[in-house]
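In: Predicted structure and sequence below. I'll ask about it afterward.
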Amino acid sequence: MGLENIVLGFEQALHHQNLFFAVLGITLGTIIGVLPGLGGANGVAILLPLTMRMPPTSAIILLTSIYWGALFGGAITSILFNIPGEPWSVATTFDGYPMARQGKGGQALTAAFTSSFVGAFFSIVLITLFAPILADVALHFGPPEIFAIQFLTFSSFVGLGGGSAAKTVISIVLGFILAAVGLDIVTGQLRLTFGVTELMQGFDFIIAVIGLFGIGEILLSVEEGLSFKGVRTGMRPRVVLETWKILPRYWRTFVRGAFIGFWMGFKPGGATPASFMSYSFAKRFSRNPERFGKGEIEGVVAPETAAHAAGVAAMLPMITLGIPGSPTAAVMLGGLMIWGLQPGPMLFKERPDFVWGLIASMYTGNIIGVLMVLAFVPFFAAILRVPFAILAPLIVIVCAIGSYAVHSSMIDIWYMVIFGVVGYVFKKLDYPLAPLVLALVLGDHAENALRQSLIMSQGSLGIFVTRPIAGVISALALFFFALPAISAFRRRGGGVPAPAGSAH
Amino acid sequence: MRVADIVTASVLLLLGGLVGADAIRLGVGWGTDGPRSGFFPFWLAIVLVVCCVIVIAQAARREMGESFVTRERLALVLKVLWPATAMVALTHVLGLYVSAGLYLGFYMRWVGGHGWRVVLALSLAVPVAAFLIFELWFLVPMPKGPVEAWLGY
């Protein structure tokens, strides 16, 4: 890796057109993050069809900026409205909302944005250093290794996701089944269409994301009788500066959160446990743990640093291995395919301008992001004061437009409605949705890797164990699959407390 | 929750059976040049069925908890769901922009009880803005109906 790559990247990221897309993306992303029912994955999915005619580098900068914005936006609703927009901002509400109620909303927001930025920056630096190395290693991977890594990806949902292991597996398998519907490219046979012409085109993951996360989330929020009673706050520059003066005191929490976030984050489903873990560590090591939950600024710093570090780290496996670490990364990966790029390690060789432009834009995007949210918090918070009777139909309309735009087909809007109902039921019954989306995106890819591996080994599954790299990865994956059973056994046997990461 | 859990898992179980049946039709074994089309779906179906049985067994052993959804809450959900479905159905006839405007106006008036002036203004402004953004700026065509045709699009 040379310095010239990063310079090349910054030339891309600092191009005025791409800077414009970064600002646009962060604005949209923050709005999306603030609105209930529109998370990062969803926002990216809706806007993906609009990027088809854009140059890939600009498109990915727009989409990643939406992601950064959504991560920042989640903090605003958690602190001012006590509504966690995403599961990983739940821990932020513990101390953020009490602070806001005590009139320290400005401090809480400044702390949240700053810690998000620090966490993100830490992960970006690590990505810059490790991505090329990982990509080099991954270049030597064959189908067995690729399948083993995908196996590991899904196993970590089971092992780290918390909740019911059986339901997580069901969610994964459903995703793969949906991906299999339609034409089998290898043999040219139609699968799972049962003679229905409409099923021949299969299910697009974008529609699934919009329905499951968008419509499903709205149905869920009306049912919970969501009312947006927020704490009003002003952001005066003086408050920001004063908060910045006390934040360095918590450098240990920052460092701990960033490490936990990165370590958990490059594995799928890691952001939520990372934020909880970081919070509970901060509480355990604090000199006054009794103040946690009542408006302690450290209780905002810890989860935000970890969640944002994890959110950024989720991009590492996506750009190096072609395996997304989060639903949002999964949607972006689908985007790469739509723009005609083949995700995976070859990207570093074939399109260095794209990869390094993306990495450099993470720096610029997060710097622009933190400045923008600090400056415009009141504006973003005002969005939640728009009455629900206007917001809800607007979100549904935007979702419908996004679904139709994918293939210009009406059936997709109907699928969106159906996925919305499924998403609502699944969420209520604690079926995790992220693994389903990941499986739907990776479906064909994983099946091909499995088929090719089996062809190499003439049908023996032993190939995943006997090749050294694949063997180690498979062993780790099997361990993760067994983890819920092991920890249940230990809890029953010896009264060992559950690990902090299993909370959800 | 218990009943809903069992019903959902049973539906998924049936789905697993369907997938398994189709996989067997396609062939689950070894073809001339590798695994056949049904191979992967077949094993997915097996895993799905096994996991559904586990979920059903776990739910059956549990105490009756709170119900999945109360009548009042279901009413709230349906109040969002059916107008949205109606909008999608209307799109087939009137195109997306007109349906979206009608839907927004109806919902604002019916659920939000907003004044007619706000309702009319927004249900005109939103479709027009959407038209400008998607149709003209991003060049993504949406389904159009007689009104757009009358306006020359």
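Out: Good, I have the coordinates. Numbers count the residues shown, from 1 in each chain, chains lettered A, B, ... in the order given.
In: Could you report the pLDDT at the residue in the stretch 1-150 of chain A that chain B sits nearest to?
Out: Using C-beta to the nearest C-beta, A:L50 is the residue of the stretch 1-150 of chain A that sits closest to chain B, at 4.7 Å. For every residue, glycine as well, the C-beta is placed using N, CA and C. In this model, A:L50 is scored at 81, pLDDT.
In: need the contact list for the residue in chain B positioned nearest to chain A.
Out: Taking C-beta to the nearest C-beta as the measure, chain B has B:G112 as its residue closest to chain A, at 2.6 Å. By C-beta atoms under 8 Å, 6 or more residues apart in numbering or on different chains, the residues touching B:G112 are A:387-390.
In: still on that earlier bit, I'd assumed the residue of the stretch 1-150 of chain A closest to chain B was in a helix, is it?
Out: Yes - judged by DSSP: H, G, I helix; E, B strand; the rest coil, A:L50 forms part of a helix.
In: Tell me the pLDDT of the nearest residue to it once chain neighbours are set aside.
Out: Ranked by C-beta to C-beta, 6 or more residues apart in numbering or on different chains and with sequence neighbours excluded, the top spatial neighbour of A:L50 is B:F138, at 4.7 Å. According to the predicted model, the pLDDT of B:F138 comes to 77.
In: Give the buried residues for stretch A:62-77.
Out: When neighbours are counted by 16 or more other C-beta atoms under 10 Å in any protein chain shown, the buried residues of stretch A:62-77 are found to be A:62-77.
In: what about the residue of the stretch 1-150 of chain A closest to chain B, how many neighbours?
Out: A total of 19 residues lie near A:L50 under the criterion other C-beta atoms under 10 Å in any protein chain shown.
In: Surely it touches A:V406?
Out: No - taking C-beta atoms under 8 Å as the contact criterion, A:L50 and A:V406 are not neighbours in contact, 10.5 Å apart.
In: sorry, back to before: would you list the buried entries among the contacts of B:G112?
Out: In terms of neighbour count (16+ other C-beta under 10 Å), the buried residues within those are A:388-390.
In: Reformat the residues you listed as TSV; add pLDDT, distance to chain B and secondary structure.
Out: Formatted as TSV, the buried ones among the contacts of B:G112 follow (pLDDT from 0 to 100; distance: C-beta to the nearest C-beta, whole Å; DSSP: H, G, I helix; E, B strand; the rest coil):
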residue	pLDDT	distance to chain B	secondary structure
A:F388	81	7	helix
A:A389	85	3	helix
A:I390	88	6	helix
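In: Per-residue pLDDT of the residue of chain B positioned farthest from its centre, please?
Out: In chain B, counting by C-alpha atoms, centre = their mean, B:T32 sits farthest out from the average C-alpha position, at 39.9 Å. Looking at B:T32, its pLDDT is 75.
In: residues in contact with it?
Out: B:T32 sits next to no residue when contact means C-beta under 8 Å, 6+ apart.
In: How much space separates it from A:L454?
Out: Here B:T32 is placed at a distance of 14 Å from A:L454 (C-beta to C-beta, to the nearest Å).
In: State the distance from A:G74 to A:S278.
Out: Per C-beta to C-beta, A:G74 is found 15 Å from A:S278.
In: What backbone torsions are found at the residue farthest from the centre of chain B?
Out: Recorded main-chain torsions at B:T32 are phi -70, psi -30, according to degrees, to the nearest 10.
In: Which residues are in contact with each of A:L50 and A:V406?
Out: Counting by C-beta under 8 Å, 6+ apart, A:L50 and A:V406 have no contacts in common.
In: can you pull the pLDDT of A:A271?
Out: Each residue has a pLDDT score; the one for A:A271 is 77.
In: which residues sit in contact with it?
Out: By C-beta under 8 Å, 6+ apart, the contact set of A:A271 is A:87-88, A:261, A:264-265, A:306-307, A:310-311, A:314, A:326.
In: run the last query once more with 6 Å
Out: Contact analysis of A:A271 by C-beta atoms under 6 Å, 6 or more residues apart in numbering or on different chains lists A:88, A:265, A:307, A:310-311.
In: now swap in A:A120 and tell me
Out: A:308, A:312, A:366.
In: out of those residues, which one sits closest to chain B?
Out: A:N366 (26.2 Å).
In: So what does the most centrally placed residue in chain B have for phi and psi?
Out: Nearest to the mean C-alpha position of chain B, by C-alpha atoms, centre = their mean, lies B:T85 at 9.1 Å. Dihedral angles phi and psi of B:T85 (degrees, to the nearest 10) take the values phi -60, psi -40.
In: Leaving out chain neighbours, which residue sits closest to it?
Out: B:T85's closest residue in space is A:V417 (C-beta to C-beta, 6+ apart), at 5.9 Å.
In: residues near the spatially closest residue to A:L14 that is not a sequence neighbour, how many?
Out: Closest residue to A:L14 in three dimensions, ignoring its sequence neighbours and counting by C-beta to C-beta, 6+ apart: A:T364, at 6.6 Å. Residues contacting A:T364 under the criterion other C-beta under 10 Å number 19.
In: Against which helices or strands is the helix or strand hosting A:T364 packed?
Out: With the criterion set as DSSP states H and E, the secondary-structure element containing A:T364 is helix A:352-383. With contacts taken as 3 or more C-beta pairs under 6 Å, 6 or more residues apart in numbering or on different chains; DSSP states H and E, helix A:352-383 sits against helix A:3-13, helix A:16-34, helix A:56-81, helix A:105-138.
In: Please repeat the previous calculation with a cut-off of 7 Å.
Out: Where contact means 3 or more C-beta pairs under 7 Å, 6 or more residues apart in numbering or on different chains; DSSP states H and E, helix A:352-383 is packed against helix A:3-13, helix A:16-34, helix A:56-81, helix A:105-138, helix A:346-350.
In: residue ranges for the helices of the stretch 351-500 of chain A, please.
Out: For the stretch 351-500 of chain A, the helices identified by DSSP state H, counting those that start in this stretch occupy A:352-383, A:388-407, A:410-428, A:434-456, A:463-466, A:468-494, in order along the chain.
In: and these as TSV, adding distance to B:R25?
Out: TSV is the format used below for the helices of the stretch 351-500 of chain A (distance: least, C-beta to C-beta, whole Å):
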stretch	distance to B:R25
helix A:352-383	42
helix A:388-407	27
helix A:410-428	24
helix A:434-456	18
helix A:463-466	28
helix A:468-494	30
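In: Quick check: which ranges of chain B have low pLDDT?
Out: B:65 (pLDDT under 70).
In: Once you drop chain neighbours, what's closest to B:A86?
Out: Nearest to B:A86 is B:Y103, by C-beta to C-beta, 6+ apart, at 7.2 Å.
In: Actually, A:F130.
Out: Taking C-beta to C-beta, 6+ apart as the measure, A:F130 lies nearest to A:L316, with 6.8 Å between them; neighbours along the chain are not counted.
In: so which strand or helix has that neighbour?
Out: Here A:L316, judged by DSSP H and E, is contained in helix A:315-321.
In: quick one: that helix to chain centroid distance?
Out: 13 Å (C-alpha atoms, centre = their mean, to the nearest Å).
In: angle of the following helix or strand past it against helix A:352-383?
Out: Beyond helix A:315-321 in the direction of the C-terminus, DSSP H and E gives the next helix or strand as helix A:327-338. Relative orientation of helix A:327-338 and helix A:352-383, computed by axes from the mean of the first three to the mean of the last three C-alpha atoms, to 10 degrees: 130 degrees.
In: Just the buried positions in helix A:327-338, please.
Out: Residues of helix A:327-338 classed as buried under the neighbour-count rule (16+ other C-beta under 10 Å) are A:327-336, A:338.
In: which two in those residues are spaced the farthest apart?
Out: Distance extremes for those: the farthest pair is A:P327 and A:I338 at 16.6 Å, using C-beta to C-beta.
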